[in-house]
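[1] This is a predicted model, with the sequence first.
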Amino acid sequence: MATRRREAAGESPRPEAALRMELFAVAAAAASLFLLLVFLIFLSVY
């Protein structure tokens, strides 16, 4: 969301780099949630 605020203010010189970083952050958050879910399932089974 900070990248969107910077783009709205016109301070982002490379929007494709900011978009790539934002997509990487979303992918990292999704991967961490997925690993947490797998770990909780593993704990509940064993």
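    Done, it's in. Remember, predicted model here, so these are calculated numbers, not experimental data.
[2] Might you list the low-confidence residue ranges for the chain?
    Along the chain, the parts satisfying pLDDT under 70 run over 1-14.
[3] mind listing the helices in it by residue range?
    Taking DSSP state H as the criterion, the chain carries its helices at 2-9, 15-45.
[4] and those helices as CSV, adding mean neighbour count?
    To be clear about C-beta, it is placed using only N, CA and C from the backbone, and glycine gets the same treatment. Formatted as CSV, those follow (neighbours: other C-beta atoms under 10 Å):
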stretch, mean neighbour count
helix 2-9, 11
helix 15-45, 10
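[5] Pull up the gap between residue 25 and residue 39, please.
    Residue 25 is 21 Å from residue 39, where distance means C-beta to C-beta, to the nearest Å.
[6] again, but for residue 15
    From residue 15 over to residue 39 the distance is 36 Å, taken as C-beta to C-beta.
[7] go on, residue 27?
    For residue 27 relative to residue 39 (C-beta to C-beta), the value is 19 Å.
[8] ok, residues contacting stretch 25-40?
    The contact list for stretch 25-40 (C-beta atoms under 8 Å, 6 or more residues apart in numbering) is empty.
[9] Right, I'll call it a day here.
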